[in-house]
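would you be able to build a 3D model of this:
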Amino acid sequence: MADKLKFDLVSPERILMSEDVDMVTVPASEGQFGVLAHHAPALATLKPGILEVQRDEKTKRRIFVRGGFAEVTPEGLTVLAEEAIEEERLNREVLAQEIADAVDDVSDAADDASRQRAQEALDSLREIDRSLKS
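Okay, here's the model as predicted:
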């Protein structure tokens, strides 16, 4: 049996995953990279994208992550994500409506601070949409 990688996925709200897996593909700012057991130590900044967790040959879990860091140590991989949403929770029709509503929010903003918050929300939704299309 192949060695397993200790993997932890943490968001600001909670620990989303903490388990032994075969491999994790990380969307890093320098490009995607795969992490297996005994990977060399590394530190990477996350870019918006899909983090793919392979538990065995047949089972994969896909999670959208936005912002944060990935750290590989001799003990395993820890991903600290600003935002993490399981792919199953992302409904394309609902997402399209949320994007349309966010565009309206940007247009309707009464002041610069409100406009900036609305634009950040719109940008985040568009990042999710782009990640799901790739």
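
which residues in the protein form strands?
5-10, 15-21, 23-28, 31-35, 42-45, 49-54, 60-73, 76-86 (DSSP state E).

longest single helix anywhere in the chain?
Looking across the chain with DSSP state H, the single longest helix is helix 112-133.

just to revisit the earlier point, make a markdown table out of the strands of the chain and add mean pLDDT.
Converted to a markdown table, the strands of the chain look like this (pLDDT from 0 to 100):
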| stretch | mean pLDDT |
| --- | --- |
| strand 5-10 | 97 |
| strand 15-21 | 94 |
| strand 23-28 | 95 |
| strand 31-35 | 94 |
| strand 42-45 | 96 |
| strand 49-54 | 92 |
| strand 60-73 | 92 |
| strand 76-86 | 92 |
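
mind putting those strands into TSV with distance to residue 119?
Just so you know, the C-beta spots here come from the backbone N, C-alpha and C atoms, and that holds for glycine as well. Output for the strands of the chain, formatted as TSV (distance: least, CB to CB, whole Å):
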stretch	distance to residue 119
strand 5-10	27
strand 15-21	27
strand 23-28	23
strand 31-35	27
strand 42-45	22
strand 49-54	21
strand 60-73	15
strand 76-86	16
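
helices or strands up against the longest helix of the chain?
strand 49-54, strand 60-73, helix 92-108 (3 or more CB pairs under 8 Å, 6 or more residues apart in numbering; DSSP states H and E).

any idea which of those is most buried?
Highest mean neighbour count among the helices and strands packed on helix 112-133 (mean count of other CB atoms under 10 Å): strand 49-54, with a mean of 20.

quick one: that strand to helix 112-133, angle?
40 degrees (axes from the mean of the first three to the mean of the last three CA atoms, to 10 degrees).

how about the helices and strands packed on helix 112-133, which one is nearest residue 11?
Residue 11 lies closest, by CB to CB, to one member of these: strand 60-73, at 8.3 Å.

each with direction, which strands does that closest one pair with?
Partners of strand 60-73 in the sheet, by DSSP bridges, are strand 42-45 (antiparallel), strand 49-54 (antiparallel), strand 76-86 (antiparallel).

save these as a markdown table, and put in distance to residue 11 too.
Converted to a markdown table, the strands paired with strand 60-73 look like this (distance: least, CB to CB, whole Å):
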| stretch | distance to residue 11 |
| --- | --- |
| strand 42-45 | 16 |
| strand 49-54 | 11 |
| strand 76-86 | 5 |
